[in-house]
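**Q** need a 3D model of the following:
(chains A and B)
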Amino acid sequence: MTKSKSAYSTPTKLGKLDTHIFVVWVDNEAGVLARVVGLFSGRGYNIESLAVAEVDQKKSLSRITIVTTGTPQVIEQITLQLKKLVPVHKVANFKREDKRVIFKEMALLKIVANSTKIKKALNVCKKFNPVILDKTNKSVVIQITALRREIDKMSKNLKPLGLISASRTGAVAMTRGSEIFN
Amino acid sequence: MGNLYSGAEIVFKCLEDQKVKHIFGYPGGAVLPIYDELKNHPTIKHILVRHEQGAGHAAEGYARSSGKPGVVLVTSGPGATNVVTALTDAYMDSVPLVCISGQVPTHLIGTDAFQECDTTGITRPCTKHNWLVKDIKDLSRVIHEAFKVATTGRPGPVLVDIPKDIQFAKTKYSSPKKEKKLNGKLNNRFNQKDIDQLIELMSKAKKPIFYTGGGVINSGPKASELLRELVRLTGFPITSTLQGLGAFPGNDNQFIGMLGMHGTYEANNAMHDCDLLINIGARFDDRITGKIDEFSPKSKKVHIDIDPSSINKIVKVDLAIEGDVAEVINITTKTLKKKNLNLEKSNKQKISKWWEQIQKWKTKKSLNFINSDKIIKPQFAVQRLYELTKNKDTYITTEVGQHQMWAAQHYKFNKPNRWMTSGGLGTMGYGLPAAVGVQIAHPEKLVVDIAGEASVLMTIQEMSTAVQYNLPIKIFILNNEYMGMVRQWQELLHEKNYSESYTAALPDFVKLAEAYGCVGIRAKTPNELDQKIEEMINTDKPVIFDCLVDPNENCFPMIPSGKPHNQMLLGPKDQSENKITGKGKELV
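**A** Next comes the predicted model:
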């Protein structure tokens, strides 16, 4: 046994990490995003993606969607710590595998290539609701909506077809059916 | 049409409505309008400190000893950054503080103006909440909300940053609104079923223990009274964290001492072997738990806390009761009485073996030390201080280090709010300014800062504050010329490589006292100690007491890092008798 030279304990084994999606309703005021993001960085939690925008102008409410990973204990801590922030109204969280929830990311993809390649590229995108936002005879800007890993895969596949720039959002989430988050 | 008031006037109207009597502060360019207004508000007394950190700690001492929020007023830039340590300290130890800081005028924010800093950005992680007031119309609402956030739920520090132009701008004043719920952040979310479950566990337990913390103090004096009643009713042993000392009488038979890294042998072993652990207002801090995997392995655990994020953060518990300590204990006691379980009698038999075991641990006398008649042992000094002050209602503050632990071990507290120490953050330099704040809140009481010579030098400038306001605080320095706790760790863990832990060129503390215009007393031998302490107590002026103690003394017992509660390292007496466990020995 090596002897500890620290005034602190040694770390214990990490539990299994799960990916969770947090949906947080906050007052849309100065610094609120910094509070939420600062909580994550300050306590060593991970942020995989982040999406935020005002959803209710009248009440000045914003909805923040954060994808994160952690042990069940950490996930519980994140929930409780978020709830302690003064501008936070409501916190929902669910596992990525949860079938009752839809989540999507959007990507804008710019492809510069000849028309054959562009055609091929559009074909590859077919499954992910492609919308052509801009087109010239040398280039195209395609908007797709899909899951994170699907967009990852697409980017890889589109590289040889002339993908030169990709811009992506964080995930946003919505429950299926008539239910809402609570 | 109501009257129009300037921002500076509104600040004071808010403070008056919040019944603030004292503010601790330091003027500067960006708060001058507020300082200009001070003269018009005779019910509010301003205490001028010598450094903004001192203002923060003084406000902490004021708050901890009185139960009222401490108020701090500082200028922008360095004024705000200097107070950050105190805000963080208050955040860690759940002390209600309201800090008002000046800011450069709104049109200069973000331009790197003179004495500008991103105050709300810097203090965001060390406050419960903070506000930058950019519109005069928000000012009164924000200040009232600040007081509310600081004092409700788990208390803590808040900061309101007010740009200079807002201090000049005029608007109507609005008094505090009646109870607007803060996004539904209610305090008590437990129900009778939880209480019944707790009582069920209590009636089954054979080896129960109460583990109480600062939450009991923060819940108010009533909580301490209720705790005493509950502990007597159940007959269970009780141990306390550093912050919880005084909630239960330190000289009571059911109290088995402080627990944790430098807690008593009986308290830590009882925590390890118990079958029911009832945590009331404590947070399973790492100085308490030691090695988490081996923390109290055989027990059912109950956690009563007002802050839901403290529950299951470190230790998974079997029963979580989310609520204000006083309220939970009150209902528990009431239910116990109603059920008429006659716990007092039935329990005594059931847990009599447990008490026998605890008595056995007690015979180790883990706080003992080898006294000397030539040199003052620091533990002896604290014991004598206790004996000579225990009949007065004495308030004790400390700095951080060995002296702090010796004070916690050897000074017995019988009332809440008498013990002010920096536990969570461990801020050296806390005790002296805290004593200033305590003395302001309790002008007639004896206030002693049990200090180390290294810590006290960090905020020694506040002696000047004490002299200015005739605050007869007593700075009782256990002077061993070392950063004692650092030296102890170096001795035990770093092969006695005393890297930078010795302070050469210490000041002459007696002369230093005289230079500040207070009284200096030095004690060199055990023989003269009592007489000198008496002299200190009888001096109606601030005193710096330079108590020269054994420089090589270590603080025992201790749980070495990464070890569970039942592997304590005992003092030199036991070590020479070779009683320590094999694993503990590895560290010596």
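
**Q** low pLDDT regions in the stretch 51-200 of chain B?
**A** The stretch 51-200 of chain B contains residues with pLDDT under 70 at B:179-186.

**Q** could you redo the last one with a cut-off of 80?
**A** By pLDDT under 80, the weakly predicted segments of the stretch 51-200 of chain B are B:177-188.

**Q** now it against chain A: closest residue?
**A** Here the stretch 51-200 of chain B gets closest to chain A at one residue, residue B:129, 4.3 Å apart by Cβ to the nearest Cβ. C-betas here are computed from N, CA, C, even on glycine.

**Q** surely that residue is in contact with residue B:161?
**A** No. Using Cβ atoms under 8 Å, residue B:129 is not in contact with residue B:161, being 11.9 Å away.

**Q** so between these two, which is more surrounded?
**A** Each of residue B:129 and residue B:161 has its neighbours counted (other Cβ atoms under 10 Å in any protein chain shown); residue B:161 has more, 26 against 22.

**Q** distance check, the more buried one against residue B:32.
**A** Distance of residue B:161 to residue B:32, computed by Cβ to Cβ, to the nearest Å: 16 Å.

**Q** what parts of chain A come near chain B?
**A** A:1, A:3-10, A:12, A:30-31, A:34-35, A:38, A:42, A:73, A:76-77, A:80-81, A:83-89 (Cβ under 8 Å from any Cβ of the partner chain).

**Q** could you redo the last one with a cut-off of 6 Å?
**A** Taking Cβ under 6 Å from any Cβ of the partner chain as the contact definition, chain A meets chain B at A:3-7, A:9-10, A:12, A:38, A:42, A:77, A:80-81, A:84, A:86, A:89.

**Q** for the lengthiest helix in chain A, buried residues please.
**A** Scanning chain A for the longest helix, with DSSP state H as the assignment, gives helix A:72-84. Using 16 or more other Cβ atoms under 10 Å in any protein chain shown as the test for burial, helix A:72-84 gives A:74-84.

**Q** measure the residue in chain A that chain B sits nearest to to residue A:95 for me?
**A** Nearest residue of chain A to chain B: residue A:80, at 3.7 Å (Cβ to the nearest Cβ). With distances taken as Cβ to Cβ, residue A:80 is found 18 Å from residue A:95.

**Q** also residue B:265?
**A** 46 Å.

**Q** neighbour-wise, which of the two wins?
**A** Using other Cβ under 10 Å as the criterion, residue B:265 and residue A:95 rank with residue B:265 on top: 24 against 12.

**Q** how about the more buried one, phi and psi?
**A** Reported as degrees, to the nearest 10, the phi and psi values for residue B:265 are phi -60, psi -40.

**Q** check contacts around it.
**A** The contact partners of residue B:265, taken as Cβ atoms under 6 Å, 6 or more residues apart in numbering or on different chains, are B:361, B:364, B:366, B:557, B:568.

**Q** the fourth one is in contact with residue B:570, isn't it?
**A** Yes. Between residue B:557 and residue B:570 there is a contact at 4.9 Å, judged by Cβ atoms under 6 Å.

**Q** output the below-cut-off pLDDT ranges for chain A.
**A** Within chain A, the stretches with pLDDT under 80 are A:1-14, A:181-182.

**Q** which parts of it are helices?
**A** For chain A, the helices defined by DSSP H cover A:32-42, A:72-84, A:115-125, A:148-158.

**Q** ok, the stretch 251-400 of chain B next?
**A** Under the criterion DSSP state H, counting those that start in this stretch, the stretch 251-400 of chain B contains helices at B:265-273, B:286-289, B:325-339, B:343-350, B:352-362, B:378-389.

**Q** just name the most buried of the ones you listed.
**A** Ranked by mean neighbour count under mean count of other Cβ atoms under 10 Å in any protein chain shown, the helices of the stretch 251-400 of chain B are led by helix B:265-273, which reaches a mean of 25.

**Q** could you give the mean pLDDT of it?
**A** Averaged over helix B:265-273, pLDDT sits at 97.

**Q** how many neighbours does the closest residue to residue B:107 other than its chain neighbours have?
**A** Once flanking residues are discounted, residue B:107 sits nearest to residue B:165: 7.4 Å by Cβ to Cβ, 6 or more residues apart in numbering or on different chains. By other Cβ under 10 Å, 17 other residues sit near residue B:165.

**Q** which SS class is residue B:165?
**A** Per DSSP: H, G, I helix; E, B strand; the rest coil, the local secondary structure of residue B:165 is helix.

**Q** and it, how far is that from residue B:14?
**A** 18 Å.
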